[in-house]
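**Q** What follows is a predicted structure for the sequence shown.
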Amino acid sequence: MIKLAHLVLENGTVFQGISAGIEGETIGEVVFNTAMTGYQEIITDPSYHGQIISFTNPHIGNVGTNKQDEESKKIFAKGIVAKSISSISSNFRSTQDLLKYIKKKKIIAISNIDTRKLTHILRKYGSQYGCIQSELYMDKKKAIKKILNYKNKKKKNINISIGVKNIQEWIPKNSRHNTYQRKKFHVIVYDFGVKNNILNILHEKNCKITLIPPTISVNKVISLKPSGILLSNGPGDPRLYIKSIKDTKKLLNLSIPIFGICLGHQILALSLGAKIIKMKFGHHGSNHPIQNIHTKKVFITTQNHNFTIDKQSIPKNIIITYTSLFDNTIQGISLKNHPSFSFQGHPESTPGTHDAHTLFDKFIKNMQKQEFKNA
């Protein structure tokens, strides 16, 4: 039996469609993702916490879902919007179709709407908050009122990490990673909402991984004797991660190599004195071209962020390493006198091409050099 649903934007625009998830209503910031593949990796990316994802690709779900492609244990997105979601799956890796997967994860979703029109609105007017309501909850006036209340609460709330709550060693589920081999490098990961495949790549590159919550003291981090520190991806406004910014500034007084990814990239920049600004509608997709400033080499990357470093605020100790060929925003930085650097995109590339995997090799080399100095 088909059940109706609608998506209401804060500007009053209403999109009528079909309910594709559980019954109910949900509110979040609506962002569009331009990836043509990897819908399961996208919806399980913790960086989408608090957001409603709209897929510009007109048809998703055709290859189903499986355990291996999950970037986290749950769907952190507040809702899903699509033009068409397949009711069947055709792939040898599939264990469940996407519609059943969404309902099992208790997510509210809407399909059969004009996602092209929605994308045009977001591009023209910028990111907007929206509300998806399934049939029993459909009320435009109430939806707009709830959106405004939600926005006011968001302004008052300081971001709280959605990662681990205690210090814990990360052990991969997949036996192919050779868990019991002695690892050369000990990487401390500040878990703001790290993706599984970032950890998988580090593990494959001979790293022992310890996940820590941002609430841990710097002295405790140092006592764990890290070879390097990774500031992970995660959701929200980086300017609100005040403790993490202060702690990163303290860690930069030491010689421990630091690698920042996405949110971690912005936190590193803030700790160095740069400013962060909100973008009109952000970067979300796996087709974003960036260029190495020095070699002029172009990479196709996966992106998921609504904030960027303000070019006018770059201090003298920061070197810009990558820029976007879409809008010339900063995509990478490194420090002049410290073995630390960061990258705006998602170098593990899930979904997406593997162009940026070399950044993990750079992190490994920085740790090798530092261990040689300390020997």
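**A** Yep, it's here.
**Q** and the longest strand for the protein?
**A** Looking across the chain with DSSP state E, the single longest strand is strand 276-292.
**Q** which residue ranges form the strands in the stretch 151-300 of the chain?
**A** Remark: strands assigned in the stretch 151-300 of the chain by DSSP state E, counting those that start in this stretch are 168-169, 185-190, 207-212, 228-231, 258-261, 276-292, 298-309.
**Q** can you tell which of those strands is closest to F372?
**A** strand 185-190 (12.6 Å; Cβ to Cβ). Where you see a C-beta, it was placed from the backbone N, CA and C, and this is true even at glycine.
**Q** Centroid-nearest residue for this protein?
**A** S47 (3.3 Å; Cα atoms, centre = their mean).
**Q** picking up where we left off before, in CSV: the strands of the stretch 151-300 of the chain, plus mean pLDDT.
**A** Below are the strands of the stretch 151-300 of the chain laid out as CSV (pLDDT from 0 to 100):
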stretch, mean pLDDT
strand 168-169, 96
strand 185-190, 98
strand 207-212, 97
strand 228-231, 98
strand 258-261, 98
strand 276-292, 96
strand 298-309, 95
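**Q** Take those and write them to CSV, including mean neighbour count and distance to A5.
**A** Output for the strands of the stretch 151-300 of the chain, formatted as CSV (neighbours: other Cβ atoms under 10 Å; distance: least, Cβ to Cβ, whole Å):
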stretch, mean neighbour count, distance to A5
strand 168-169, 11, 39
strand 185-190, 24, 38
strand 207-212, 20, 37
strand 228-231, 27, 38
strand 258-261, 28, 35
strand 276-292, 18, 22
strand 298-309, 22, 25
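**Q** Reformat these as TSV; add distance to K141.
**A** As requested, these are exported to TSV (distance: least, Cβ to Cβ, whole Å):
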stretch	distance to K141
strand 168-169	46
strand 185-190	43
strand 207-212	44
strand 228-231	43
strand 258-261	41
strand 276-292	26
strand 298-309	28
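**Q** Select, out of these, the one closest to H6.
**A** Among these, the nearest to H6 by Cβ to Cβ is strand 276-292 (21.7 Å).
**Q** Quick check: neighbours of that closest one in the sheet, parallel or antiparallel?
**A** The strands that strand 276-292 pairs with in its sheet are strand 298-309 (antiparallel), strand 318-324 (antiparallel) (by DSSP bridges).
**Q** Quick check: beta-bridge partners of V30?
**A** I52, Q128.
**Q** Check for me that the residue nearest to the centre of the chain belongs to a helix.
**A** Yes - assigned with DSSP: H, G, I helix; E, B strand; the rest coil, S47 falls within a helix.
**Q** isn't N196 right next to E71, touching?
**A** Yes - the pair N196 and E71 passes the contact test of Cβ atoms under 8 Å, sitting 5.2 Å apart.
**Q** Just want to know which of these two has more residues nearby.
**A** E71 (27 against 23; other Cβ atoms under 10 Å).
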